[in-house]
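Engineer: requesting a structural model of the entry that follows:
(one chain, ligands or ions: 3)
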Amino acid sequence: MQQFAEVIVDVPTQQTDQPYTYEIPPDLVGQIQPGMRVIVPFGTRRVLGFLVRVIEHKPDVSFEIKPIEEVLDLAPVLSDELLQLSDWLAKWTFSFKISCLQAMLPAAMRASYGKKIRLTTTEVSADVKLLFGEKQELPFDTKNLSARAFRTLSKLNRENKAEIVYEVRDRAQSKSITMITGLLTPAQITQEKAKTRINALRLQQLLDFLLDLGSARLSQKDAEVQTGLAASVFTQGQKKGWLKKSQVEEYRDPYSTAEISKTEPQKLKPAQTKAVAEIETEIKKQSEQVFLLQGVTGSGKTEVYLYAIACALAQKKTALMLVPEISLTPQMVHRVRGRFGSNVAVLHSGLSEGEKYDEWRRIERKEATVVVGARSAVFAPLDNIGVIIMDEEHETSYKQESMPEYHARDVAIKRGQWHHCPVVLGSATPSLESRARAQKGVYRWLRLDERINGQPLPAVKLVNMQDELKRAPAVDISGPLLEAIKERIARNEQVVLMLNRRGYSSFIMCRECGFVLKCPNCDISLTMHMDSHSMKCHYCGHEEPIPNICPSCHSKKIRYYGTGTEKVQQELEKLLPDVSILRMDVDTTKRKGAHSRLLQKFGAKEANILLGTQMIAKGLDFPDVTLVGVLNADTALSLPNFRSAERTFQLLTQVSGRAGRADKTGEVLIQTFNPEHYAIQLAKNQNYEQFFGMEMNMRHRGGYPPYFFTIQIVINGTNEAEVAKKIFEVNGQLTQILSQQAVVLGPTPKPIMRVNNRFYYQLVIKYKNEPKLDQFLKELLQNSQQDMRRNLQLTIDRDPVDFI
Ligand SMILES: Nc1ncnc2c1ncn2[C@@H]1O[C@H](COP(=O)(O)OP(=O)(O)OP(=O)(O)O)[C@@H](O)[C@H]1O
Ligand SMILES: [Zn+2]
Ligand SMILES: [Zn+2]
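Structural biologist: Numbering: from 1, shown residues only. Ligands and ions are numbered 1, 2, ... in the order given. Below is the predicted model:
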């Protein structure tokens, strides 16, 4: 019987965003299933593809159907659920199907492509012989070939003396180790010993070892250490039929060296008990209920999650727990692993490609039944999910910024529907969207209003920096903050200081003429990096030396502006010479494990002060921290973004929550230039409910989410006039299909208009109910194929996190 297959090919363009038909070779009929990766011919190339459907009848097409060349998997790597989810995802996020399929798998399972050039004749010139040496083929990678070699090879190709071969490699490689198993009975070993010459000492030793080993199995590496025998002796033993070597897969377990101490569930407080009971009921009922667990910082939300997970496991189900990347701290991992042991798989960006792949496979093989991970873990290949948890559900890092631009919350809820399991969204400062849904009863609302320690939330004081700067210009640490720090240090308590760096850069400016050093490719100033002693562009990667004189007026008065963690550290060291400070920012946490080492040191009280960027705001739970200082509360407020008040409120509340979590009272000092701003005032009172009411009013008046849905359309290209023309054209079409209720903002150039020499224009649609919109956007994307030739690119982002 002949079979055919529909394959989504790894060619991410609009034109190829549909299944292609291939023939299943006869020897593979019946063995190939949807969800497997295959290699197929595509034009002159060979590409990776995902098999999405098997067809029994020959499709009625005019073109020749080519066969699948290779199958990469023995079993499907994407389940039916994930295949269907990818369909939905592509439609929902206006993305290519192939991009969605690939987003669901660890990077190691994407193919890498290579080109080779292979000689088709032996009659070649000396030049060519020199190039190829003994080999028949060479990697054909234009980047690493000299111009001369490239010319020679191109000529060969033109003369048909060589052909280009396209290769697809599966990067997913597992690591294996050699295990030794004895094949002889004790009696046989005695016989063999008698047969073996007495002076063949090593073989005698090997037989003794096998006698000890009995029916057990040991890695060859360990066996060599135990016996002191060389690898060759084991090979000899294998040849004599005494032992068997086998390859078993070894997982690269990123946490294997870290000891996990078992932790016991806490006895729940009444509010926790109530929340757990409600979630458990829905887990057992297999309902798709979505919960919003709104609990102040330190109220024991994590403990509720752990109980919910335990309940799912007791029902013989699995559990998925999503946390933002920056709160995936070793502390957090220990808490979950301490409870559920090696059943837990952890997926985060700090793992190597190989480690991620291994964790992925442990889940796929059902060796791990609890998954903890950041955004992309929402696609973990779990089967039979009993509960999905999303901690800090308001975090913007849950939204992916590149195709497919999905929000993990939407995907989590979609998966909950497939698995008939509840989804728990947790936060101290829920997103307005979720809190509004809880209000309407779309989500069920659970609350934890008190801290576990029974203490009030820490008292928050504002320091008006306008006054401070009049007294002492150019300092980052105000008088009151310095006093408060000294007080804690005298009491042997600890301090956390946060420098908010969102939307903020440290740049160089000339005091004489005002010249600012900018990226030659982008409309943005270059950022100074002390570690590499250079100026870098954060958008395109351009890098140049730090100038000593102004490139514009040649003055020497070119200075560094803005505040970086390094500068604050220096200032602190001058003010408090005997105090030890740990700095935590992108620079000090670049190396693997650095993040956790810093936290461990701080936890062991090796330092008095932890100074860092946003990454210290989340999840940390240190009992001796009694003071939290925020050095610059307002950097996010100045951004042209309708969510900036919400962001500021959330960040200040989160970081304040790090103080006074155990039996000592905490205090928070916030330095600000806008002490009257409502986001800062309400963060001071830590009054989420009041903030919610106020901010909802603002959104209502401005016509922003959650009252309106938003979709952002961006066009970019190298020719500004064409980009502008195209976005106005789209705008014109939109006015024809949208109702009176919808509003279009723009079109405008993006605030950072030029990046990497491409121009960006955007418009934002605000709407409530537009039945024709999705179809219109889908067609817009399809038609954008023609524009590709004019080098124009179109992207559509549903529910953008901001409009910048
Ligand atoms: N029922 C309980 N009894 C005793 N201690 C508890 C209980 N529940 C939680 N704790 C402890 O209280 C502290 C705070 O709890 P947890 O970290 O779960 O709060 P959270 O709401 O997740 O905090 P945050 O959102 O601020 O990170 C932790 O040290 C935790 O071990
Ligand atoms: Zn740049
Ligand atoms: Zn100058």
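Engineer: the residue nearest to residue 529 when sequence neighbours are not counted: what's it in contact with?
Structural biologist: Among residues not flanking residue 529 along the chain, residue 536 sits closest, at 5.4 Å (CB to CB, 6 or more residues apart in numbering). C-beta here means a position set from N, CA and C on the backbone, and glycine is covered the same way. Residues counted as contacts of residue 536 (CB atoms under 8 Å, 6 or more residues apart in numbering) are 526-527, 529, 542-543.
Engineer: residue 449 too?
Structural biologist: By CB under 8 Å, 6+ apart, the contact set of residue 449 is 271, 295-296, 299.
Engineer: now do it, the pLDDT please.
Structural biologist: If you check residue 449, the pLDDT there is 92.
Engineer: which residues touch residue 621?
Structural biologist: Applying CB under 8 Å, 6+ apart, we find residue 621 in contact with 298, 331, 661.
Engineer: check these against residue 484 and report the nearest one.
Structural biologist: Lowest distance from residue 484 to those (CB to CB) belongs to residue 661, with 17.7 Å.
Engineer: which residue, other than its chain neighbours, is closest to that closest one?
Structural biologist: Nearest residue to residue 661, sequence neighbours excluded (CB to CB, 6+ apart): residue 298, at 4.8 Å.
Engineer: didn't that neighbour look like it was pressed against residue 657?
Structural biologist: Yes. The pair residue 298 / residue 657 is scored as a contact, 5.9 Å apart, by CB atoms under 8 Å.
Engineer: quick check: longest strand of this protein.
Structural biologist: strand 743-755 (DSSP state E).
Engineer: tell me which other helices or strands it touches.
Structural biologist: When contacts are defined as 3 or more CB pairs under 8 Å, 6 or more residues apart in numbering; DSSP states H and E, strand 743-755 packs onto helix 720-737, strand 758-767.
Engineer: figure out which of the ones you listed is closest to ligand 2.
Structural biologist: Evaluated over the helices and strands packed on strand 743-755, closeness to ligand 2 peaks at strand 758-767, with 10.7 Å, by CB to the ion.
Engineer: tell me what the closest one is packed against?
Structural biologist: Partner elements for strand 758-767 (3+ CB pairs under 8 Å, 6+ apart): strand 709-717, helix 720-737, strand 743-755.
Engineer: ranking the ones you listed by burial, who's on top?
Structural biologist: strand 709-717 (a mean of 21; mean count of other CB atoms under 10 Å).
Engineer: turn the helices and strands packed on strand 743-755 into CSV, columns for mean pLDDT and distance to ligand 2.
Structural biologist: Formatted as CSV, these follow (pLDDT from 0 to 100; distance: least, CB to the ion, whole Å):
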stretch, mean pLDDT, distance to ligand 2
helix 720-737, 93, 17
strand 758-767, 92, 11
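Engineer: in CSV: those, plus distance to residue 632.
Structural biologist: Shown next, in CSV, are the helices and strands packed on strand 743-755 (distance: least, CB to CB, whole Å):
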stretch, distance to residue 632
helix 720-737, 35
strand 758-767, 28
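Engineer: could you list the low-pLDDT ranges of the stretch 451-600 of the chain?
Structural biologist: Where the stretch 451-600 of the chain drops to pLDDT under 70, the residues are 473-474, 501-506, 530-532, 560-563, 590.
Engineer: near ligand 3, which residues of it are found?
Structural biologist: 510, 512-513, 515, 550, 552-553, 555 (CB under 5 Å from the ion).
Engineer: of those residues, keep whichever come out buried.
Structural biologist: When these are checked for burial by 16 or more other CB atoms under 10 Å, the buried set is 510, 515, 550.
Engineer: closest to residue 347 out of these?
Structural biologist: The nearest member of these to residue 347, counting by CB to CB, is residue 515 at 45.9 Å.
Engineer: off-centre distance for stretch 385-397?
Structural biologist: Distance of stretch 385-397 from the chain centroid (CA atoms, centre = their mean, to the nearest Å) equals 14 Å.
Engineer: quickly check: that stretch near ligand 1 or not.
Structural biologist: No. Stretch 385-397 lies out of reach of ligand 1 by CB under 6 Å from any ligand atom, never closer than 7.4 Å.
Engineer: excluding covalently adjacent residues, which one is nearest to residue 95?
Structural biologist: In space, residue 95 is closest to residue 404, 3.7 Å off (CB to CB, 6+ apart).
Engineer: and that neighbour, helix, strand or coil?
Structural biologist: Three-state call for residue 404 (DSSP: H, G, I helix; E, B strand; the rest coil): coil.
Engineer: from the contacts of residue 536, which are also near ligand 2?
Structural biologist: Among the contacts of residue 536, proximity to ligand 2 is found for residue 542 (CB under 5 Å from the ion).
Engineer: which among the contacts of residue 536 count as buried?
Structural biologist: Buried members of these, counted by 16+ other CB under 10 Å: 526-527, 529, 542.
Engineer: reformat the buried ones among the residues of the stretch 451-600 of the chain next to ligand 3 as CSV; add distance to residue 651 and secondary structure.
Structural biologist: Formatted as CSV, these follow (distance: CB to CB, whole Å; DSSP: H, G, I helix; E, B strand; the rest coil):
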residue, distance to residue 651, secondary structure
510, 33, strand
515, 33, coil
550, 36, coil
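Engineer: can you tell me which of those residues is closest to residue 3?
Structural biologist: residue 515 (68.1 Å).
Engineer: test my guess that that closest one contacts residue 550.
Structural biologist: Yes. Residue 515 is in contact with residue 550 according to CB under 8 Å; the separation is 5.4 Å.
Engineer: re the thing from before, the contacts of residue 449 also near ligand 1: which ones?
Structural biologist: Applying CB under 6 Å from any ligand atom, the subset of the contacts of residue 449 adjacent to ligand 1 comprises 295, 299.
Engineer: which pair of the contacts of residue 449 spans the longest distance?
Structural biologist: Using CB to CB, the contacts of residue 449 span at most 10.5 Å, a distance reached by 271 and 296.
Engineer: which neighbours do those two share?
Structural biologist: By CB under 8 Å, 6+ apart, the residues touching both residue 271 and residue 296 are 448-450.
Engineer: quick one: the helices in the stretch 601-750 of the chain, in order.
Structural biologist: Counting by DSSP state H, counting those that start in this stretch, the stretch 601-750 of the chain has helices at residues 644-656, 678-685, 688-702, 720-737.
Engineer: for ligand 1, find the nearest of those.
Structural biologist: Nearest to ligand 1, of all the helices of the stretch 601-750 of the chain, is helix 644-656, at 7.5 Å by CB to the nearest ligand atom.
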